[in-house]
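Participant: when you get a sec, could you give me coordinates for this:
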Amino acid sequence: MGETIIVTDAVVISPDGSKVLLGKNVKNAHVLVGWILPGGKLEKSETLEECTVREILEETGVRIRIESHIATFVGSASLTGVVSETYVIVGFLARAESEKLEKSSELKDLMWFPLEALPDDLYPDSKRQIMLALKKRGMKPA
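Facilitator: Got it, this is the predicted structure:
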């Protein structure tokens, strides 16, 4: 078994509460296909919340305020048929300060989607986190 990598991501809700921020991945495109939640790897001496705020700002240019923890998932990656990395993914619910976007080179595309019109090619784990976040906020998923 290989190394364990801790990553965070966030269901980032627009200031008016009607949209969610999604990106298309450039790196690891063979693993993550479709629209995903923004996020990234935890750096040494950084809290999970600090990592989430930093990664969202770096990837999207959006400043956020974390509202709550959504869930923690564990998964593995295997490109050769042998598990090479174990991922611990910590998901948060966050509110954006604005809808202004500044896409980084880490994302192929970046867009706000209405909560009732999520893209068909939404990565399944991202969709699951969005549904959990909506439930947590007392909203009915579309």
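Participant: show me the contacts for the spatially most central residue of the chain.
Facilitator: Nearest to the mean C-alpha position of the chain, counting by Cα atoms, centre = their mean, stands L37 at 2.6 Å. Residues near L37 by Cβ atoms under 8 Å, 6 or more residues apart in numbering: D9, A10, V11, V12, L21, L22, G23, G91, S126, Q129, I130. No exception for glycine: its C-beta is placed from N, CA and C like everyone else's.
Participant: could I get those as CSV with neighbour count, secondary structure and pLDDT?
Facilitator: Rendered in CSV, the data for the contacts of L37 read as follows (neighbours: other Cβ atoms under 10 Å; DSSP: H, G, I helix; E, B strand; the rest coil; pLDDT from 0 to 100):
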residue, neighbour count, secondary structure, pLDDT
D9, 26, strand, 95
A10, 29, strand, 97
V11, 26, strand, 97
V12, 25, strand, 98
L21, 25, strand, 97
L22, 25, strand, 96
G23, 25, strand, 93
G91, 24, strand, 96
S126, 24, helix, 92
Q129, 25, helix, 94
I130, 24, helix, 95
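Participant: distance to S45 added to those residues, as a markdown table?
Facilitator: Formatted as a markdown table, these follow (distance: Cβ to Cβ, whole Å):
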| residue | distance to S45 |
| --- | --- |
| D9 | 20 |
| A10 | 20 |
| V11 | 26 |
| V12 | 24 |
| L21 | 27 |
| L22 | 29 |
| G23 | 26 |
| G91 | 22 |
| S126 | 28 |
| Q129 | 26 |
| I130 | 30 |
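Participant: what about the residue nearest to E106 when sequence neighbours are not counted, which SS state?
Facilitator: Closest residue in space to E106, ignoring its immediate chain neighbours: E59 at 5.3 Å, by Cβ to Cβ, 6 or more residues apart in numbering. Assigned by DSSP: H, G, I helix; E, B strand; the rest coil, the conformation of E59 is helix.
Participant: burial count for E59?
Facilitator: E59 has 23 neighbouring residues, counting by other Cβ atoms under 10 Å.
Participant: now do S104
Facilitator: 14.
Participant: residue contacts, it?
Facilitator: E58, E59, T60, G61.
Participant: thank you, goodbye.
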